[in-house]
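> Structure for this input, please:
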Amino acid sequence: MIRTFGKRLISAVSAAVMAVTLAVSFVPKAQLEAEALSFDNELEIYSDSVYMISLDTGDVVYSKNADKQRVPASLTKIMTCLLVLEANNGDKETLLAKSANGGYDAFNELDGTGCSNADIKRGETVNYYDLLCALMVPSACEAANILAIDMCGSIEAFVEKMNLKAAEIGMKNTHYSNAHGLFAENNYTTCEDIALLCKYVIDRYDIFMEICDQAEYDMPATPDHPEGTHLITSNKLLMEGSEYYYRFAHGIKTGYLDAAGRCLASTASRNGYNYLIVSMGAPAVDAEGNDVMYNCIDHQTLYEWAFNTLEYTTILDSASEMGEVPVEYGKNADHVNVKPSMSYSQLWPTDVSKTQIKQKITLNQSVVAPVITGQVLGSVELTYDGQTIAKIDLIATSAVERDEIKSDVKVAASFKDSVAMKIAIIVAVGAVLVYVLIFAAIIAFRRNRKRSRAKYYDDDDYDDDDYDDYDE
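Below you'll find the model as predicted:
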């Protein structure tokens, strides 16, 4: 019995060790953790908040107070445009075929504010495409209200949709209170959230950039405007002849309020590289009180820095071996090599050497066979100037079978000194003692019984041999 118990205990311990070790060492899917990286530079940026990303890779290439909640001003109109495009499947013909006009509710709150407009009159019928051009090119506030009321019946109902959409696409620090961006309580967002919004609509609707990348647009004639209406963009980056013109820039939207400062969302493309910048809180005037488009200056500065300095660079090659991990019970192998689970590339300044990137490698102390190719056995953390660039899993480059003979010998050798063995010995000794005590008690009981029964027989009739077999 003890021998059988011991064998079963050894088998159970061996299975448990195997299960725990494999559970710890094997992760079926390799992981990559990447973080935003900022580089020391001498750029003079006037905006209080800035967020710049690569549209090609999603890399964050510049960030300054990007998650700070701010008044968005007319950057609000980007969400208004998205909802209109979404409701009409981004189809230009549908937008041209659908018309709307605004009455009291669309114009009343705007009277006397001096807000930007496209001179659309009360009751003037304008198609949706022209309303979107008015909304995004000269930043017409009446166009925002006309669209909101026509789509949802009221500005309030449209604003509810704006907030639902913001939550849906992950704008965690945004709340809208109107469709145009004039100052209102609880109308706020961040550069990071607006960048997320811009990328969302750019990726889904080609017509979005067609509309907001226009320096000028002519609305067709109506009874209120027999000669049509000529619209000029509020975005000086797009205007040839302007001192702020930047020929690589495209779209997207300007914004300005005293409480918001100068705001701007734009993209730029050059030599196959594409970037998006959202900035908020730039000054409106210089020290002498002259109007200055510091938002446009900031975007030019950042684009030129990126185009002239950043290159898409391989930081870590998935083919490079980065160490080895000891293998227990391996068949014909006592270790396995590891490599990165994937290559890692990112935009990197040409004036910053890759040798300044440090690698912190963490490997499992050992792994129990069997090992499969691609099994996660550690990680490598890439850092630059104290900042984490990425953390990438290290995986086995080959498979190692399990040697059952080595395993059995190892388990048996280790079992004799284990806690389980000590417990088994204690249990076994205890069982033997119990057995001896029970056996002794049975013998004593039977002998007493023989003596008691002998009293009922004569000496001639009683024979001890009659009870010998019984005792045995």
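> Report the contact partners of Tyr129.
Applying CB atoms under 8 Å, 6 or more residues apart in numbering, we find Tyr129 in contact with 92, 95-96, 211. For the C-beta atoms, the positions are set from N, CA and C on the backbone; glycine is no exception.
> What strand or helix carries it?
Per DSSP states H and E, Tyr129 falls inside helix 128-136.
> next SSE after that helix?
Where DSSP H and E defines the elements, the next helix or strand beyond helix 128-136 is helix 141-152.
> could you say what helices and strands that following helix packs with?
helix 77-87, strand 99-100, helix 104-107, helix 128-136, helix 155-168 (3 or more CB pairs under 8 Å, 6 or more residues apart in numbering; DSSP states H and E).
> Just name the most buried of those.
helix 128-136 (a mean of 26; mean count of other CB atoms under 10 Å).
> averaged over its residues, what pLDDT does that helix have?
Averaged across helix 128-136, pLDDT comes to 98.
> Just the buried residues out of the contacts of Tyr129, in PyMOL syntax.
To isolate the buried members of these in PyMOL, using 16 or more other CB atoms under 10 Å:
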select buried, resi 95+211
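> Inside strands: which ones of the contacts of Tyr129?
Using DSSP state E, no member of those falls in strands.
> got the angle for the helix holding Tyr129 vs helix 141-152?
An angle of 140 degrees separates the directions of helix 128-136 and helix 141-152 when computed by axes from the mean of the first three to the mean of the last three CA atoms, to 10 degrees.
> could you give the angle of helix 128-136 to helix 77-87?
Regarding helix 128-136 and helix 77-87, their directions subtend 160 degrees when assessed with the same axes, to 10 degrees.
> Can I get helix 128-136 in PDB, CA atoms only?
What follows is helix 128-136, C-alpha atoms only, in PDB (Å, rounded to 0.1, in the frame of the first residue of the first chain):
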ATOM      1  CA  TYR A 128     -25.900  70.000 -47.900                       C
ATOM      2  CA  TYR A 129     -22.600  69.900 -49.800                       C
ATOM      3  CA  ASP A 130     -22.600  73.700 -50.000                       C
ATOM      4  CA  LEU A 131     -23.500  74.000 -46.300                       C
ATOM      5  CA  LEU A 132     -20.500  71.700 -45.500                       C
ATOM      6  CA  CYS A 133     -18.200  73.900 -47.600                       C
ATOM      7  CA  ALA A 134     -19.500  77.000 -45.800                       C
ATOM      8  CA  LEU A 135     -19.000  75.200 -42.500                       C
ATOM      9  CA  MET A 136     -15.400  74.100 -43.100                       C
END
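> Tell me where the stretch 351-472 of the chain has helices.
Taking DSSP state H, counting those that start in this stretch to define them, one finds helices in the stretch 351-472 of the chain at 404-415, 419-454, 465-471.
> returning to what we had before: so which pair among the contacts of Tyr129 is furthest apart in space?
Taking CB to CB, the two most distant members of those are Leu96 and Ile211; they sit 12.2 Å apart.
> any idea how far Ala249 is from Glu304?
Here the distance between Glu304 and Ala249 works out to 11 Å (CB to CB, to the nearest Å).
> These two - which one has more neighbours?
The neighbour count for Glu304 versus Ala249, taken as other CB atoms under 10 Å, is higher for Ala249 (25 against 15).
> which one is that one nearest to, not counting chain neighbours?
Spatial nearest neighbour of Ala249, excluding adjacent residues (CB to CB, 6 or more residues apart in numbering): Leu237 at 4.1 Å.
> How many residues are close by the nearest residue to Ser234 once chain neighbours are set aside?
With CB to CB, 6+ apart as the criterion, Ser234 has its nearest non-adjacent residue at 4.5 Å, and that residue is Thr254. Residue neighbour count, defined by other CB under 10 Å, stands at 26 for Thr254.
> List the contacts of Thr254.
Residues counted as contacts of Thr254 (CB under 8 Å, 6+ apart) are 74, 139, 234-235, 262-264, 295.
> ranking the helices of the stretch 351-472 of the chain by mean pLDDT, which is last?
Comparing the helices of the stretch 351-472 of the chain on mean pLDDT, the least confident stretch is helix 465-471, scoring a mean of 45.
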